[in-house]
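K.L.:
Here is a sequence with its predicted model. Questions after.
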Amino acid sequence: MLNINNTALVLIDVQEKLAGIMHERQKLIEQLVKLICGARVLGLPVLWCEQNPEKIGPTIPQLTEHLDGLSPIAKMSFSCCRQDEFVEQLEATGVKQLLLAGIETHVCVYQTAAHLVEAGYEVQVVADAVSSRTAENREIGLGRIQAVGASLTSVEMAFFELLEVAEGQQFKDILKIVK
């Protein structure tokens, strides 16, 4: 089970030139906004990566408007774990449980999940907050993610697992996000 004091969100490569060509892109963006807003309500650390931002562009504004106070980590490798700045920021959080979301499921999300599991992290990929250009590649990516030892979750499942109880201000704020 996810623990609110031991979990961080990793947002992967939701950038201008990629986001617009994703399978079910509108649903993806809606779920990512919910996930980011909920992570902020719950006080989770958020690490945010961009693949080759000079060529692919910045993270889409629908997400960056909810990422105030944070800066993206530029990377050239598909796996976030191949970028020293990401590894340093992750280690600085002190958490061992990670929620992964973003694009593309079968490339950067998969490779990051595999490396994080190998490094000893408990990884849960937020299945309704990841996508690829095709539904087939998304499904293949999710299968491979599970095969390397990561789990799948959903935005709502993760939120309520982290909350544990149906009371308090965080619960009320999360309800507003998911409704």
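P.N.:
Happy to help now that I have it.

K.L.:
And the strands in this structure?
P.N.:
7-12, 46-51, 73-75, 97-103, 122-131, 151-153 (DSSP state E).

K.L.:
Could you check how far the first one is from the centre of its chain?
P.N.:
Meaning strand 7-12. 4 Å (CA atoms, centre = their mean, to the nearest Å).

K.L.:
I'd like to know how far A8 sits from P61.
P.N.:
According to CB to CB, to the nearest Å, A8 stands 23 Å off from P61. C-betas here are computed from N, CA, C, even on glycine.

K.L.:
who's more crowded, the two?
P.N.:
Set A8 next to P61 and count neighbours by other CB atoms under 10 Å: A8 wins out with 20 against 9.

K.L.:
quick one: contacts for the more buried one?
P.N.:
When contacts are counted by CB atoms under 8 Å, 6 or more residues apart in numbering, A8 touches 44-47, 90, 93, 95, 97-99.

K.L.:
switch the cut-off to 10 Å
P.N.:
39, 44-47, 89-90, 93-100, 121 (CB atoms under 10 Å, 6 or more residues apart in numbering).

K.L.:
Can you tell me which of the strands of the chain is packed in deepest?
P.N.:
strand 97-103 (a mean of 27; mean count of other CB atoms under 10 Å).

K.L.:
got the CA coordinates for the helix-or-strand element of the chain with minimal mean pLDDT in PDB?
P.N.:
The weakest-scoring helix or strand in the chain, judged by mean pLDDT, DSSP states H and E, is helix 16-19 (a mean of 92). Extracted in PDB, the C-alpha atoms of helix 16-19 (Å, rounded to 0.1, in the frame of the first residue of the first chain):
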ATOM      1  CA  GLU A  16       4.000  20.000 -26.700                       C
ATOM      2  CA  LYS A  17       5.100  17.900 -29.700                       C
ATOM      3  CA  LEU A  18       4.300  14.600 -28.100                       C
ATOM      4  CA  ALA A  19       1.100  15.300 -26.100                       C
END
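
K.L.:
No more questions from me, cheers.
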